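**Student:** here are the coordinates; sequence isn't available:
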């Protein structure tokens, strides 16, 4: 199943640009938005296996929002790929990798215009994002995937000057400027994927591939990560978990490279699709 947010309404995809409006097809039992769908995820999944026929919804990418538009929490993970830890100057973590939040005000849909903060160095970080479908508290790793509604693509856009300003790093602030958490283009349930634990992912700046990895290289794969997080925090339906980025970020290059006004960033994950961001200069106050 693929589930999209089209102008704020839950839509089951029948093709990349058409779908079925969930509220209409279910007679009001589910929807209209995504929040109520995640809050009743098990019943929705059972219904969605054989939804009644309904009028088709035709949409454009400009109508797509985040497949989870109002998460209670956005949890993000750092240094969860060996090669990315190395390019960042760190040893691979032995326990749970560094964990922080991206504030919800940074959340946007898959195709967004992003303003580059004045005086900043904005970097790219393509990531697999898990969307929680069941409340998760102290969940065993063997049961963790059952608490995941599906996966989608995220960009953990990062302004490195603010992120690394002392005396202690400001990870959450440096990664939470407006539109610094694009997510989409839609949610894909794990059973749609050939191997939910081994997906190719990458991104390109103006056509040049800058990241190219596979999720099998995650130090803490999705199930292990959800289980580990749930030992400390409760994960709620609709929450987003950014699982970490592979090697290839601009900060890890010699010389360093950051995004510039007018550049286009395309991110992709196998079996899910792609996102597109365009970067513009901040307007003077």
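**Tutor:** Thanks, I have the structure now. Note that the coordinates shown come from a computational prediction; the quantities given were computed from them, not determined experimentally.
**Student:** tell me the helices in the stretch 151-285 of the chain, going along the chain?
**Tutor:** Assigned by DSSP state H, counting those that start in this stretch, the helices in the stretch 151-285 of the chain fall at 160-164, 171-174, 222-230.
**Student:** Please point out which parts of the second one sit buried.
**Tutor:** For helix 171-174, the neighbour count (16 or more other C-beta atoms under 10 Å) marks 171, 174 as buried. Just so you know, the C-beta spots here come from the backbone N, C-alpha and C atoms, and that holds for glycine as well.
**Student:** For the helix or strand of the chain with the lowest mean pLDDT, which outside residues touch it?
**Tutor:** The helix or strand of the chain with the poorest confidence is helix 82-87; it has a mean of 80 (mean pLDDT, DSSP states H and E). In this structure, residues lying in contact with helix 82-87 by C-beta atoms under 8 Å, 6 or more residues apart in numbering are 79, 91-93, 213, 217, 219, 244-249, 252.
**Student:** in it, what counts as buried?
**Tutor:** Neighbour-count burial for helix 82-87, with 16+ other C-beta under 10 Å as criterion, is recorded at 82, 84, 85, 87.
**Student:** How many residues are close by residue 96?
**Tutor:** Close neighbours of residue 96, defined as other C-beta atoms under 10 Å, add up to 16.
**Student:** what's the answer for residue 149, then?
**Tutor:** Other residues lying near residue 149 total 28 when counted by other C-beta under 10 Å.
**Student:** That one is in what secondary structure piece?
**Tutor:** Element membership for residue 149 (DSSP states H and E) is strand 148-155.
**Student:** what stretches of the chain score poorly on pLDDT?
**Tutor:** Filtered on pLDDT under 70, the chain yields the residue ranges 285.
**Student:** just to revisit the earlier point, pick the most deeply packed of the helices of the stretch 151-285 of the chain.
**Tutor:** Most buried of those by mean neighbour count (mean count of other C-beta atoms under 10 Å) is helix 222-230; its value is a mean of 21.
**Student:** So which residues make contact with that one?
**Tutor:** Helix 222-230 is contacted from outside by 75, 77, 80, 96, 99, 128, 130, 132, 136-145, 147-148, 151, 196-197, 215, 218, 220, 235, 241, 243, using C-beta under 8 Å, 6+ apart.
**Student:** From these, keep the buried residues only.
**Tutor:** The neighbour-count test (16+ other C-beta under 10 Å) marks 75, 77, 80, 96, 99, 128, 130, 132, 136, 139, 141, 144-145, 147-148, 151, 196, 215, 218, 220, 235, 241, 243 as buried among those.
**Student:** ok, so what distance separates residue 114 from residue 278?
**Tutor:** Plainly put, residue 114 is 7 Å away from residue 278 if you go by C-beta to C-beta, to the nearest Å.
**Student:** For those two, indicate the residue with more neighbours.
**Tutor:** More neighbours surround residue 114 than the other of residue 114 and residue 278, with 20 against 13 (other C-beta under 10 Å).
**Student:** Neighbours of the nearest residue to that one once chain neighbours are set aside, how many?
**Tutor:** The shortest distance from residue 114 to any non-neighbouring residue, by C-beta to C-beta, 6 or more residues apart in numbering, is to residue 179 (4.7 Å). Residues near residue 179, counting by other C-beta under 10 Å, number 18.
**Student:** Hmm, residue 179 is touching residue 106, no?
**Tutor:** Yes. Contact criterion C-beta atoms under 8 Å: residue 179 and residue 106 qualify, at 6.8 Å.
**Student:** No further questions, thank you.
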